[in-house]
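S.K.: Take this sequence and fold it.
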Amino acid sequence: MATGGSGAGGGAGGAGNDHYKRNTFTSYVAPLPGDMRATADTNEWCLPSDLRDVHLARPRLLQGEQIVASAPAYMYSPIDPMDNGSGGTGSGSSGGGNISHNIHSNGNGMSSSVNDGGSHKEATFGLLSVTNFKLAFVPLHASKRNLEAGAVTAPLCDLYQENTYLGRNEITLNNIDQIYTIAELGRAASALQAARMASHVSRRKKLEPFKQHNISGRIAALHIVCKNFRLLKFAFQQQDSKLSGASDHGKLIASALVRFGYPMRHDLSFAYAYREPYYSTLGPASGTSMYASKNDWARELIRCGASEWQVVSSASVPLLQNPLHAGKYTVPPHFVIPKSCTVDRFLDLSRAFCDSRAAFWVYSYGASAASLVRLAELQPAAQQDTKLENVMLELVRKCDERRQLKLLQLTDRLPSILDVRRSYQKLRRLCTPETPEKFMLQDDKYLGLIEKTNWLFYVSLCLRYSSEAAATLRSGVTCVLQESNGRDLCCAISSLTQLLLDPHFRSIDGFQSLVQKEWVALEHPFQRRLGHVYPAQGSGSGGGGGGNGSELLEGEQSPVFLLFLDCVWQLLQQFPDEFEFTQTYLTSLWDACFMPIFDTFQFDSQAQRSKAVMDSQLVLRPVWDWGEQFSDKDKMFFSNPLYQRQKGDLGVQSSAAGAAAHRRSLAVGNRGGTGGGAGTVSGSTPSRNTINPQLFATVSSVPQDRFLQPAHRICDLSVWDQCYYRWLPVLDIRGGGQPQVDLFHRLLLSNIAKVQRCLEIQSFEELPDAYFEAIGESRSSLQKDEIPDRAEDETEYVDGVERRRKPTTKAGTPTNGFSPVSGNLHLSSLSSFFPFGSPIAGDAPHQLYDILNSSSELLQDTTSILDKSSIL
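M.R.: Numbering: from 1, shown residues only. Presented below is the predicted three-dimensional model:
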C-alpha cells in the first residue's frame, strides 16, 4: 500500500512534466466523498466518489417503457457561443501543443470545460439510456448544480416549453435519422481526445440501418443527427479494470440505437406497448373535423356549396368489401366523386390511375362552386392511351357550372420526392455543423450555401403554383391538380390553395381540419416519407442486399410535410394578422410528427391504422389533443395575439353543423336509389343519421373577400430560424428575435384590456403600471382620491350581468403571486428561440409569466378589442 501511495504522490507531483508514466495502480477501496486528488493529470476521466452513483439516475419511464441499455456519458453542446472573455492564444498551457484541455469540476463534478483553440464547450456528466421509446440523458445531481448556481428552477420550468412525455435532454427514437460513431484512437488515448478528432470526417463512421452487426472496435463518442435538425454529441468513459473487465459503453449504446431506432415493422413501435387509457377531449365542440366519417365530408360539401358531388364510403360499396376485388383498389374510407358518375364506373376507371387515385374532390369556392380536384397520373401500362384520363376529366368538367376546367400538371413543375429529400439533407447539414470551425466556414458562404440547398426554391415553387390554383378558382374555373400518385406534393399545393382562399383554415381548428382532410384522410404516406419503419428489403448475409434496401428506403423518405409547414410559415411572415396560430405551433407540429404515441402521422393509410387497432389493440390518440403533451401555459404560445377573427368567421365551422341539427329530419337519407344520389352508394341504403347534402342550401358560405396573394419570389422568402436553428446556441440573440416582438404585443394588448375593463366597471385599481408612468403619478395617489366604499363592494354589474370582482390584496400586486409588469420591461435574457431556446434566468420569468397570464385571462373578457377565441 505504501508503494501505491508513493506512486500516486509521484504521479501528482510530476503532473507538470511533458512526459510522465501512466499510473497503473488499481485501488479496491473507494475514496472518501469529495476526494479530488485523482484529477485530470493522470486520468482525465477519473470521477469523484459522489459521482459513482450514476446508475441511480434513471430516466422517467412511461407505462410500457423499458430500459434497453444505459451507460455513463458526457453530453456536449453542438456549438456554444464563443467565449470572448477567455481563450487567448497565449494563455498558460502545459505543453507546446496547439490543443490544450482543462477539465475541472464545479464542486459536484458535473461540468467539464474543454478549451480547444479558443472555443468554449461545456460537457455535462450523466447517465445515457436507450429505451423502447426514447434516448434519454439524465444529468447527475442536476438539481444541486442549479441550486449552487443560484438558478430559479420554478420559473425556468414555467417558461420553457415542456412536453409531458419528453424531457429537455430526451428525443424519441423515431426522431433519429443518422448515427455516427467515433472510434477510439488507441488504448492509451481517451474518449475526450477521440471526441476532439470528430471534426475530421475520416474519423466518423455512419451506422446503416441494414448493417446492425457491423459495429466493430471500441466507440469513444457518438453523434446523433435528428430529423428536427437537432445534433446530439456524447462521449463515453472507457473502463478497463480487473474487477469489471473491459467495457465499451459506446458500443453498448450504439448497438441499442441501431436495433431499436430503426424498426423493421411498425408493430415494434412504442405506440403498441403504451397502454395508458386515453380520454379524448376532441368532440363536436372542439371545432376540429377529423374527416373520419361520411358526415364530416357531407358538412364540407354543404359549407362549400358543392351540389354536383357525392360522398362515397368504402364500407358501403359491395365491390370494395369483396375480398377477391378489394386488393385491386387503394381508396380511402371516404371520398367525394362526381355525382354524374356511378360508384362502380368510377372504381373501374380508377384502376387505370396510380394508387387508384382518380378525381377526388377536396374543395369548392365562389358562387359558381368552382372545384379543386386531386388526380393521380395514369399507370405506366396505360400511359400510351389517354382515353380513360379524358373520360375522367370530362366527368369533372360536368360538375363545373361553366363547363370549364384547368389541368395543373405538378409532376413536371414541382420537384420530385427525391429532390425534396436531397434538399432537406443539404439544409440539415448546413444547420447542424459539428465544430465551430465548420460553422465559421459555412457562415462566410451562408447565402451561397442556402441557395445550393434549393430549399427556398422549392418553397417558392409551392407558393407560386398554389397561388395560380387559387387564382383559377377565384375566376370561377375548376382546377385539377395532377401528380404521379396524388398523395405527396399534391397535398401541399391543395392545402396551400385553401389557406389562401378560406379564412376558416387560418384558424387553429380550421388548420387542423385542413391537415386531417388533405394529409390524413386522403392518406399521405407518412410512415414511408418520415422514415418511421425500415423494412428489411433484400436482406441477406452480405452488405449488397442491405445497401440496395437502404437505397430503396432513402428513395421513399422525403419530408414533404415539412416543406408544406415551411410554406405556411412564409405566409405567417407576410400576413401576421391573418392566422390564429404562430410559428411555435408549426414548430411543435413538426416535432409531433416523431411522437409515436399519437397516430396522426404514423401510418400510410387508414387501412393500416384500422388493422393496427384490430390486430394489436392500438390505442388511437390524435395529435390535435394538445393537452396530452402540453399544459395550458405552453399552449398560450400557439395563439397569435394579433389575430382578429371576423364576425363572419364565427359561424363558419358551426353553420353546417347547426343546419344539420335544425334540419335533422330532412337530412335523414331514408330514400333508396342507385349510384347517382349523394346519399346512396351502389344501391345501398344510407344510415338514418347520414347527412344528405342534396337537401340543404347549395350556396357557399365561404367568404370571397378574404383571399391572400402572397409574394413567392425567393428574394421575398426567409429561413425558418426557429425550426432550423433553435438547437444552435451560437445563433441565439438574447433580447432579440420574433419572441421579443410577440411578448411586447401581448403586453400591449394586456394593458389595453386592463384599461377597457377599468372603464367598464369604473374602477381604476387595476390600471397597468404603464398608465401611471405615462402620466407621471403614483398608484397610491390615485387610490386616495377614490371612494373607499367602492373597494368593499365585491359585486359588480356589467351589461346587466352580475359578476364577482377579483379581490385585490394590495395595489399593483397581481393575485397570481408574481411581481407586477412594468412598462419598462427588460428582457435582455430572453432567448431569440423562445420558448425552445435556452431557459431564461433572473426576474424576466416572473414578468413574462404575468404577461402571458394576464393576456390570456383579460383578453378573453374583452370582446370589443379582440374576439375571445383568439387566445386559447
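S.K.: And the longest helix along the chain, what does it pack against?
M.R.: Criterion DSSP state H: the longest helix present in the chain is helix 738-761. Using 3 or more CB pairs under 8 Å, 6 or more residues apart in numbering; DSSP states H and E, the elements in contact with helix 738-761 are helix 769-775, strand 795-798, helix 844-858. All C-beta spots, glycine's among them, are computed from the backbone N, C-alpha and C.
S.K.: hey, least reliable of these by pLDDT?
M.R.: The weakest mean pLDDT among those belongs to strand 795-798, with a mean of 50.
S.K.: And the helices in the stretch 651-800 of the chain?
M.R.: 652-662, 664-667, 721-725, 738-761, 769-775, 779-785, 788-792 (DSSP state H, counting those that start in this stretch).
S.K.: mean pLDDT lowest for which of these?
M.R.: helix 664-667 (a mean of 30).
S.K.: List the buried residues in the longest helix of the chain.
M.R.: Buried residues in helix 738-761, defined by neighbour count with 16 or more other CB atoms under 10 Å: 738-740, 742-743, 745-758, 761.
S.K.: Please apply the same query to stretch 320-328.
M.R.: Result for stretch 320-328 [16+ other CB under 10 Å]: buried residues L320.
S.K.: Can you pull the phi and psi angles for I597?
M.R.: phi -60, psi -30 (degrees, to the nearest 10).
S.K.: ok, now how distant is it from S269?
M.R.: 9 Å (CB to CB, to the nearest Å).
S.K.: Which of the two has more residues huddled nearby?
M.R.: S269 (25 against 22; other CB atoms under 10 Å).
S.K.: And the pLDDT for the more buried one?
M.R.: 93.
S.K.: I figured it hits F598, correct?
M.R.: No: taking contacts as CB atoms under 8 Å, S269 lies outside contact range of F598: 11.3 Å.
S.K.: hang on, the earlier thing: just the CA coordinates of the longest helix of the chain, formatted as PDB?
M.R.: Only the C-alpha atoms of helix 738-761 are listed here, as PDB (Å, rounded to 0.1, in the frame of the first residue of the first chain):
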ATOM      1  CA  GLN A 738     -39.600  37.500 -33.000                       C
ATOM      2  CA  PRO A 739     -40.400  36.200 -29.500                       C
ATOM      3  CA  GLN A 740     -39.400  39.700 -28.200                       C
ATOM      4  CA  VAL A 741     -41.900  41.300 -30.500                       C
ATOM      5  CA  ASP A 742     -44.600  38.800 -29.700                       C
ATOM      6  CA  LEU A 743     -44.300  39.200 -26.000                       C
ATOM      7  CA  PHE A 744     -44.400  43.000 -26.300                       C
ATOM      8  CA  HIS A 745     -47.600  42.600 -28.400                       C
ATOM      9  CA  ARG A 746     -49.100  40.500 -25.600                       C
ATOM     10  CA  LEU A 747     -48.000  43.200 -23.100                       C
ATOM     11  CA  LEU A 748     -49.700  45.900 -25.100                       C
ATOM     12  CA  LEU A 749     -52.900  44.000 -25.600                       C
ATOM     13  CA  SER A 750     -52.900  43.100 -21.900                       C
ATOM     14  CA  ASN A 751     -52.700  46.800 -20.900                       C
ATOM     15  CA  ILE A 752     -55.400  47.700 -23.400                       C
ATOM     16  CA  ALA A 753     -57.700  45.000 -21.900                       C
ATOM     17  CA  LYS A 754     -57.000  46.200 -18.400                       C
ATOM     18  CA  VAL A 755     -57.800  49.800 -19.300                       C
ATOM     19  CA  GLN A 756     -61.100  48.800 -21.000                       C
ATOM     20  CA  ARG A 757     -62.100  46.700 -18.100                       C
ATOM     21  CA  CYS A 758     -61.400  49.600 -15.700                       C
ATOM     22  CA  LEU A 759     -63.600  51.900 -17.900                       C
ATOM     23  CA  GLU A 760     -66.400  49.400 -18.000                       C
ATOM     24  CA  ILE A 761     -66.600  48.900 -14.200                       C
END
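S.K.: Regarding S832, what is its secondary structure?
M.R.: Three-state call for S832 (DSSP: H, G, I helix; E, B strand; the rest coil): coil.
S.K.: Chain neighbours aside, what residue packs nearest to it?
M.R.: Nearest non-adjacent residue to S832, counting by CB to CB, 6 or more residues apart in numbering: G737, 2.9 Å away.
S.K.: D509 now?
M.R.: G287 (3.3 Å).
S.K.: In contact with the one you found, which residues?
M.R.: Applying CB atoms under 8 Å, 6 or more residues apart in numbering, we find G287 in contact with S507, D509, G510, S513, Q653.
S.K.: so how far is F439 from it?
M.R.: 44 Å.
S.K.: State the pLDDT value of R58.
M.R.: 85.
S.K.: Can you give me the end-to-end span of stretch 226-237?
M.R.: 24 Å (CA to CA, to the nearest Å).
S.K.: ok, now stretch 585-605?
M.R.: 25 Å.
S.K.: Buried residues, that stretch. List them.
M.R.: Those would be 585-605, for stretch 585-605 by 16+ other CB under 10 Å.
S.K.: And stretch 521-538, by the same measure?
M.R.: By neighbour count on 16+ other CB under 10 Å, the buried set for stretch 521-538 is 521-535, 537.
S.K.: and those residues, which of them are in helices?
M.R.: Filtering the buried residues of stretch 521-538 for helices - DSSP H - leaves F526, Q527, R528, R529.
S.K.: Closest to S216 out of the residues you listed?
M.R.: Top of the list for closeness to S216, among these and by CB to CB, is R528 at 30.8 Å.
S.K.: For the closest one, give its distance to S605.
M.R.: 11 Å.
S.K.: List the contacts of A607.
M.R.: T330.
S.K.: hang on, the earlier thing: now for the buried residues of stretch 521-538, which pair is the farthest apart?
M.R.: Going by CB to CB, the pair spanning the buried residues of stretch 521-538 furthest: A521 and Q537, at 28.6 Å.
S.K.: P139: how many residues sit nearby?
M.R.: Using other CB under 10 Å, the number of residues around P139 comes to 18.
S.K.: Check the contact between it and F125; I expect there is one.
M.R.: Yes: with contact defined as CB under 8 Å, P139 reaches F125; the gap is 7.3 Å.
S.K.: Please consider this matter closed, and thank you.
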